[in-house]
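Enquirer: Fold the following and give me the result.
(2 chains)
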Amino acid sequence: MTEVAEGRTPLLAVEHMTMRFGGLIAVDELSFTAYRREITAIIGPNGAGKTTVFNCLTGFYRPSAGRIVMHVDGEILQLDRIAGFRIARRARVARTFQNIRLFAGMTLLENLIVAQHNPLMAASGFSIAGLLGLPRYRAAERAALERARYWLDKLGLTERADWLAGVLPYGAQRRLEIARALCTGPALLCLDEPAAGLNPRESAALNDLLLAIRAEEGIGILLIEHDMSVVMGISDHVVVLDYGCKIADGTPAEVRADPNVIKAYLGEDEVEELLINERSIVTPAEAGVQSDRRSPGAPGFPPSRE
Amino acid sequence: MTAASGLAVDKLARPPVVWAPLLKDAALAALVAVLLALPLVGLQTYDIGGGALGIRTHFDWVAIAAAAVFVGRLALRLHPQLYGGRAAGGPTPISRLAIWANRQMLPITLAGIAFAVVLPFLPFSSRYLIDLGTTVLIYVMLGWGLNVVVGLAGLLDLGYVAFYAVGAYTFALLARDLGLSFWEALPFSGLVAASFGIVLGFPVLRLRGDYLAIVTLGFGEIIRIVLLNWAPVTGGPNGISDIPRPSFFGLPFARSAPEGVTTFHQFFGLEFSPDHRVTFIYFVILILALITNLFTLRIRKLPLGRAWEALREDEVACRALGINPTNVKLSAFAIGAMFGGLAGCFFATRQGFISPESFTFIESATILAIVVLGGMGSQMGVVLAAILLVTLPEFGRAFAEFRMLIFGAAMVAVMVWRPRGLISHREPTLRLGPQPTQGAGR
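Expert: Purely as a prediction, here's the structure:
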């Protein structure tokens, strides 16, 4: 791993971050960097601490030790010192959830407008200008609507814009959650298993979408994913966790060949077999991980959400 | 059923009715009815003279109750099997009516407001009717206020009457000690109640659902008990009397006024009538209620209102989107409480006398029932439910002691046919498409 030297702009730097739950160390001295205009994948077996990392980044947990530094708008912010809900606004970190969290009783469009709450709230003069219907607020609302429409178009949800989010099929709900995160205007988009439960066609479409977002929006994407076709296909940079420790960090090709990674995914005995057929790292790993993907955490690991 | 199967060409695939489970189910319901009715209806105490009580038994009434429940339950279970009904997902006449009402919401609303405005001038109108209308409107306003907290923000508040009491006592104390009139005190009542809303809001920020309900229930009781025991200020159980009546832009409603003051009937050259004041009070609450409604309808379409609804749907997602849940919750509590306070101020001026007895838990329960029965978050539903809940016991007076029975039966009927409230439809706050699409509001 040669960093910075290649002229990449660092966006997020996690430095020696540790997260303890009582006696259990979920994340241990983790350091990695995510860059602007890059897709960084965090992979690892179940219970490796991936979602815990996300929860620390987005303010749901406060790390027990270490720093999380975000370079945004020429400022350097320390995420572990910002109150949870402010991270989305000030540091422009947006996220999606492993088990989709939409506003199910509201329409798709409303979901995307709620995502733009902070600029709209300011424009509505804390509701006073809004109550009076001042032109300033109306213009802001129109802009918000345009932005929502842009992302609806982009993710192929426009036709169902006035549907309730809860009645959408699973794949569309995943896309809507990504659209909602993008509507906040993030600098860093954190996606927690965006391909979970998608069929191969949807999964391929997701790859194209993420590549397009990276190219067009110029933002950094941080990805937790089990689907190796997504990880290997689109990531610029992969971080591998096992039992809360980083065991590898590099390009997909480097990580794929890393003996530590193979060991973590398949166990010692399988390594030899694997060296015979290098491609099989993808399939067994995927299958082994998918079988218990829906369980909230491996034994001995605390639930990933409060 | 055999006859039906012969000619049911258009109603194919109707399965034959299986009677055994239906009868068993109905018998079970009847058994519950017997258990309930036995002590409630079957045993009646009466005075045998000398202050002693005797017990009269009415097992025939218990049998009637059990039979009614048996038949009702059977009919209820049989209905979908025979007609498709809800079991087949098809529209029932009631749901069709609800859908029609949703489409025609604007004309219905305008007609409702027009009716409310002309009500006092209709030929059959009476002082009793206007009084009843005033009571209904107080509950409508309280329902709309609570709707902000419960319906929109999804915070179950069982102590809403506390804010009603705070508003009423604020006005009563301001009038007694500082001599403020109704109109001068009205904004203060709203503000003080809103501050109490925030005071309640802070400790319950982390609570949701049942836990929140218990704390708010306690808060409602605390306010009532303080009012009851803080006798030097609140008058304790004796309450506060001689609360000033509202004036018409400074013109009092009185038969004779002190020197230098023109009364309402003198100013307009009318014959004095006590009905003037009753009618005026009716219009005051009508205007207050309509302001509440307009405010809520408008704020629902603003970022704050959407944030309330988003908070109801998923608080974690709200935080991830940068919404400050503390502010959103406190604003919902404050605004809901403010309307409760305004209604309380009106209540005080209407009654002219207030005591802690007017602000018991049963009031909170009634207001919450109005919101839930109307359909959470539905403004029109609140109106319908308030009319139902307030007028039904009134019209039931003719049935004397059976009126609560009728009331209960009506509640059961509503919950059977409209389990999500009279109007469960939610209109999106904004649309991309001009026409309501298929999936919307499902």
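Enquirer: those strands in the stretch 1-150 of chain A, which residues are they?
Expert: A:10-21, A:24-35, A:39-43, A:65-72, A:75-78, A:93-95 (DSSP state E, counting those that start in this stretch).
Enquirer: Now do the domain split for chain B, please.
Expert: With automatic domain parsing as the criterion, the domains of chain B are listed as B:18-45+B:54-90, B:105-241+B:273-417.
Enquirer: could you dump the ones you listed to TSV with mean neighbour count, mean pLDDT and distance to chain A?
Expert: In short, each C-beta sits where N, CA and C put it, glycine included. As requested, these are exported to TSV (neighbours: other CB atoms under 10 Å in any protein chain shown; pLDDT from 0 to 100; distance: least, CB to the nearest CB, whole Å):
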stretch	mean neighbour count	mean pLDDT	distance to chain A
domain B:18-45+B:54-90	14	81	14
domain B:105-241+B:273-417	20	89	3
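Enquirer: Now render those domains as CSV, adding distance to A:E177.
Expert: CSV is the format used below for these (distance: least, CB to CB, whole Å):
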stretch, distance to A:E177
domain B:18-45+B:54-90, 29
domain B:105-241+B:273-417, 9
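Enquirer: Minimum distance to chain B, which residue of chain A gives it?
Expert: Using CB to the nearest CB, the single residue of chain A nearest to chain B is A:A88, 3.2 Å away.
Enquirer: Show the model's pLDDT score for that residue.
Expert: For A:A88, the pLDDT comes out at 84.
Enquirer: how deep is it tucked in, by neighbour count?
Expert: 27 (other CB atoms under 10 Å in any protein chain shown).
Enquirer: my guess is it contacts B:A320, does it?
Expert: Yes - assessed by CB atoms under 8 Å, A:A88 is found in contact with B:A320 at 6.2 Å.
Enquirer: Need the overlap of contacts for the two.
Expert: Counting by CB atoms under 8 Å, 6 or more residues apart in numbering or on different chains, the contacts common to A:A88 and B:A320 are A:58, A:94.
Enquirer: Name all residues that make contact with the residue nearest to B:L152 when sequence neighbours are not counted.
Expert: Excluding the flanking residues, the one nearest B:L152 by CB to CB, 6 or more residues apart in numbering or on different chains is B:W308, at 4.3 Å. By CB under 8 Å, 6+ apart, B:W308 lies in contact with B:148, B:152-154, B:328, B:331-332.
Enquirer: burial measure for the nearest residue to A:A123 once chain neighbours are set aside, as a count.
Expert: Distance criterion CB to CB, 6+ apart; nearest residue to A:A123, sequence neighbours excluded, is A:A140 at 3.3 Å. For A:A140, the neighbour count with other CB under 10 Å is 21.
Enquirer: quick one: A:A140 and A:P119 touch, right?
Expert: Yes - the pair A:A140 / A:P119 is scored as a contact, 6.6 Å apart, by CB under 8 Å.
Enquirer: Tell me which of the domains of chain B sits nearest to A:A257.
Expert: The closest of these to A:A257 is domain B:105-241+B:273-417. By CB to CB, the value is 35.7 Å.
Enquirer: and the end-to-end length of the closest one?
Expert: When the termini of domain B:105-241+B:273-417 are compared using CA to CA, to the nearest Å, they are 21 Å apart.
Enquirer: and A:D242, backbone torsions?
Expert: Main-chain torsions, A:D242, degrees, to the nearest 10: phi -150, psi 130.
Enquirer: Count residues in the vicinity of the nearest residue to it once chain neighbours are set aside, would you?
Expert: Leaving aside its sequence neighbours, A:D242 sits nearest to A:A264 (CB to CB, 6+ apart; 4.1 Å). Neighbour count of A:A264, defined by other CB under 10 Å: 21.
Enquirer: on that earlier part again, what's the most distant pair in the contacts of B:W308?
Expert: B:G154 and B:S331, at 13.8 Å, using CB to CB across those.
Enquirer: out of the domains of chain B, nearest to A:L241?
Expert: Closest to A:L241 of the domains of chain B, according to CB to CB: domain B:105-241+B:273-417, at 21.6 Å.
Enquirer: Quick one: distance of the closest one to the chain centre.
Expert: 8 Å (CA atoms, centre = their mean, to the nearest Å).
Enquirer: And B:L155, how far from B:A348?
Expert: 26 Å (CB to CB, to the nearest Å).
Enquirer: same check, this time on A:G166
Expert: Distance of A:G166 to B:A348, computed by CB to CB: 44 Å.
Enquirer: same question, B:V390
Expert: Counting by CB to CB - B:V390 and B:A348 are separated by 19 Å.
Enquirer: ditto for B:N324
Expert: 35 Å.
Enquirer: ditto for B:V117
Expert: B:V117 is 25 Å from B:A348, where distance means CB to CB.
Enquirer: swap in A:P63?
Expert: A:P63 is 54 Å from B:A348, by CB to CB.
Enquirer: likewise A:A165?
Expert: On the measure of CB to CB, A:A165 and B:A348 end up 44 Å apart.
Enquirer: For residue 141, give me its contacts.
Expert: Let's take chain A. Contact analysis of A:E141 by CB under 8 Å, 6+ apart lists A:120, A:123.
Enquirer: oops, I was thinking of chain B
Expert: By CB under 8 Å, 6+ apart, B:M141 lies in contact with B:285, B:288-289, B:292, B:339, B:342-343, B:346.
Enquirer: And the furthest pair within those?
Expert: It's B:I285 and B:F339 that sit farthest apart of the contacts of B:M141, by CB to CB, at 12.1 Å.
Enquirer: Tell me the pLDDT of the residue at the greatest distance from the centre of chain A.
Expert: What lies farthest from the middle of chain A is A:L132; by CA atoms, centre = their mean that is 38.6 Å. pLDDT, A:L132: 77.
Enquirer: which residue is nearest the centroid of chain B?
Expert: Short answer for chain B (CA atoms, centre = their mean): B:I370, at 2.6 Å.
Enquirer: Is it correct that it falls within a strand?
Expert: No - under DSSP: H, G, I helix; E, B strand; the rest coil, B:I370 sits outside any strand and is assigned helix.
Enquirer: so it sits right up against B:V382, yeah?
Expert: Yes - in this structure B:I370 lies within contact range of B:V382 using CB under 8 Å: 5.9 Å.
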